[in-house]
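> Fold the following, please.
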Amino acid sequence: MQKGGHVLSATRSLLLILMFLVPLFFLPFTLEPLELNKQTLVLILTSAAALCWFASMLFGREVKIRRGWVNVLPWFFVAAFLVPALSSVAPYLSWVGAHRSEYTSVLTALAVAILFYLIVNTASERSVHKRIHVILLVSGSLAALLPLLQLFGVDVLFSLAPSLALNTVGTLSGFVTFLVALNVFFLAANLSHHAHDSLLYDGLVGAIQRVLSFFLLLATIFFLLILDDFTLWALFAVSLSVLFTFVIFRAKDFPHHVRLILPGILFLGSLAFWFVLPGLSLVSVPLEVTPNASGSLGVAQQTLATYSSSWGSGPGTYVFDYSQFHDISLNQTDFWDTRFDRASSFVLTLVPTIGVFGVTMLGLFVVLLFIRSIAQVLRPPSRELWLESFVHIAPWL
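Numbers count the residues shown, from 1 in each chain. Have a look, this model is predicted:
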């Protein structure tokens, strides 16, 4: 039993390492420094953690798996990519992934499903959650610090990987989306904080968490201002409104209403910059170019009509769909030889590649998870369950 406990601790340690490294990890000497390497990192550490988990049950001579219908949900997610991959026009892209399409591959979907079961079965205790939150906060703060240094002349990235868009997460809009989600996460944790009953630590570690959370908030606002994208401002405003909605329905769980002042100011400010105020032009940032919505819709319609409306052309094959079905008027522009690997939105990237079946499976995954989560927030059997659900559903939404 003691050996099994040590192996279980190794499982949790591997999960903590994974949480810390994913936002930061890149290899500058590879052809594509981010996507492929992050996928490889997830596969290696998730597989190692899964082996340790199985070994802990073997040493303990006891199989422990948490029961519940939620265990079915990851298979909706996996099926959304696995079934369309069976008839893919480019099997390697669909099953393994390449050319920045690794995030939609079957291999990545399976790794994410395994990660779900690992967290549910080995990291469900409050103490483990609190350690994970510290790791995410430190990692997210470092991920925000690096592009700030880069923008102000301290070369910490370009000398290693000139192809990076200033950050180690992905595109700049994806990076800011990541920061917004982290901000909502820690704002929710701070709003619901009670001494000795919280997902934040008390004492010195808790003070450090608050300092890093404030830095993360300032960095997020700064990048929102320099990108000045109305979609990102809308995302920030909606994310804050989610917090206020939960406060209205569960006011008794938020006794320190003074903590609502900062989110309130941020919400009003985000509305102002969303609709009226201009952003900052202190520094120049790389431009992001994607196909427009009408062109993306046209590619999706023609792909489904040519291949299969049910299965699409296969996960990760959007680059082929675009090359074959993009509007010929683009041949008269500077982008005549550009092969876009994604559409104007994630949904319009998925529709032609995983078809109606895949989108339906993903829709069921999201809706069922939402129903379960919202029920635990609005009508929880205990404060402990409410706290866990509230802090995690806010950034997920």
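> I figured H129 hits Y201, correct?
No: H129 is beyond contact range of Y201, at 11.3 Å (criterion: CB atoms under 8 Å). The C-beta positions use only the backbone N, C-alpha and C, and glycine is treated the same way.
> can you give me the helices in the stretch 101-250 of the chain?
Applying DSSP state H, counting those that start in this stretch to the stretch 101-250 of the chain gives helices spanning 106-122, 126-151, 172-191, 203-227, 230-249.
> Start from the N-terminal end of this protein and give the strands.
Secondary structure of the chain (DSSP state E): no strands present.
> in it, which ranges drop under the pLDDT threshold?
1-4, 158, 160 (pLDDT under 70).
> got the contact list for stretch 67-75?
Residues from elsewhere that reach stretch 67-75 (CB atoms under 8 Å, 6 or more residues apart in numbering): 65, 112-113, 116-117, 120, 365, 368-369, 372.
> most tightly surrounded among the helices of the stretch 101-250 of the chain?
Highest mean neighbour count among the helices of the stretch 101-250 of the chain (mean count of other CB atoms under 10 Å): helix 172-191, with a mean of 22.
> tell me the contacts of the residue nearest the centre of the chain?
By CA atoms, centre = their mean, the chain has its centre lying nearest to F178, at 6.4 Å. Contacts for F178 (CB under 8 Å, 6+ apart) come out as 23, 140, 143, 169-170.
> Kindly recompute the last result at 10 Å.
When contacts are counted by CB atoms under 10 Å, 6 or more residues apart in numbering, F178 touches 23, 140, 143-144, 167, 169-170, 220, 395.
> cool, S124 as well?
66, 388.
> now it: how far from A181?
From S124 across to A181, the span is 21 Å (CB to CB, to the nearest Å).
> Repeat that for L364.
In this structure, L364 and A181 are 22 Å apart, going by CB to CB.
> Could I get the CA-only coordinates of stretch 377-390 as CSV?
Taking Å, rounded to 0.1, in the frame of the first residue of the first chain, the C-alpha atoms of stretch 377-390 are listed here in CSV:
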residue,chain,number,x,y,z
VAL,A,377,-23.5,25.9,-9.0
LEU,A,378,-27.2,26.9,-8.6
ARG,A,379,-28.4,23.9,-6.5
PRO,A,380,-25.4,22.3,-4.8
PRO,A,381,-25.7,19.7,-2.1
SER,A,382,-22.8,21.4,-0.1
ARG,A,383,-20.7,24.5,-0.1
GLU,A,384,-17.6,22.4,-1.0
LEU,A,385,-19.2,21.2,-4.2
TRP,A,386,-20.5,24.6,-5.0
LEU,A,387,-17.1,26.2,-4.6
GLU,A,388,-15.3,23.8,-6.8
SER,A,389,-18.0,24.1,-9.5
PHE,A,390,-18.2,27.9,-9.4
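> Start the count at 209 instead of 1 going forward.
Will do, 209 is the new start, and the previous item becomes stretch 585-598.
> buried ones in that stretch?
For stretch 585-598, burial by neighbour count (16 or more other CB atoms under 10 Å) applies to 585, 588, 594-598.
> what does stretch 287-294 give?
For stretch 287-294, by 16+ other CB under 10 Å, it's 287-293.
> same check, this time on stretch 489-509
Neighbour counts using 16+ other CB under 10 Å place 498-499, 503-505, 507-508 of stretch 489-509 among the buried residues.
> First-to-last residue distance for that stretch?
Stretch 489-509 has an end-to-end distance of 38 Å (CA to CA, to the nearest Å).
> Just checking the distance from that stretch to the centre of its chain.
Here stretch 489-509 is found 20 Å from its chain centre; the criterion is CA atoms, centre = their mean, to the nearest Å.
> what's the answer for stretch 340-349, then?
Relative to the chain's own centre, stretch 340-349 is displaced by 14 Å; criterion: CA atoms, centre = their mean.
> Contacts for it, please.
220, 223-233, 327, 331, 376-377, 386-387, 389-391, 393-394, 397, 407-409, 413-414, 416-421, 423-424, 427-428, 599.
> pull the CA atoms of that stretch into PDB?
Coordinates of the C-alpha atoms in stretch 340-349 are reproduced here as PDB (Å, rounded to 0.1, in the frame of the first residue of the first chain):
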ATOM      1  CA  ILE A 340      -2.700  22.900  -9.400                       C
ATOM      2  CA  HIS A 341      -4.000  26.500  -9.100                       C
ATOM      3  CA  VAL A 342      -0.700  27.800  -7.800                       C
ATOM      4  CA  ILE A 343       1.100  26.000 -10.700                       C
ATOM      5  CA  LEU A 344      -1.300  27.500 -13.300                       C
ATOM      6  CA  LEU A 345      -0.900  31.000 -11.800                       C
ATOM      7  CA  VAL A 346       2.900  30.900 -11.800                       C
ATOM      8  CA  SER A 347       3.000  29.400 -15.300                       C
ATOM      9  CA  GLY A 348       0.400  31.900 -16.600                       C
ATOM     10  CA  SER A 349       2.300  34.800 -15.100                       C
END
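> For stretch 539-550, buried residues please.
For stretch 539-550, by 16+ other CB under 10 Å, it's 548-550.
> Please identify which of those is nearest to V304.
D549 (15.2 Å; CB to CB).
> distance of that closest one from L323?
To L323, D549 is 24 Å away according to CB to CB.
> Also L488?
Taken as CB to CB, the span from L488 to L323 is 38 Å.
> ok, now F360?
Remark: distance between F360 and L323 (CB to CB) = 35 Å.
> Run the angle between the longest helix belonging to the chain and helix 438-457 for me.
As assigned by DSSP state H, the longest helix anywhere in the chain is helix 554-586. Counting by axes from the mean of the first three to the mean of the last three CA atoms, to 10 degrees, helix 554-586 lies at 10 degrees to helix 438-457.
> from the chain's centre, how far out does helix 554-586 sit?
Distance, centroid of helix 554-586 to centroid of chain: 15 Å (CA atoms, centre = their mean).
> Return the list of helices and strands in contact with that helix.
helix 281-293, helix 299-303, helix 438-457, helix 501-514, helix 526-533, helix 591-604 (3 or more CB pairs under 10 Å, 6 or more residues apart in numbering; DSSP states H and E).
> ok so, going back, tell me the one among the buried residues of stretch 287-294 nearest to G563.
P292 (5.7 Å).
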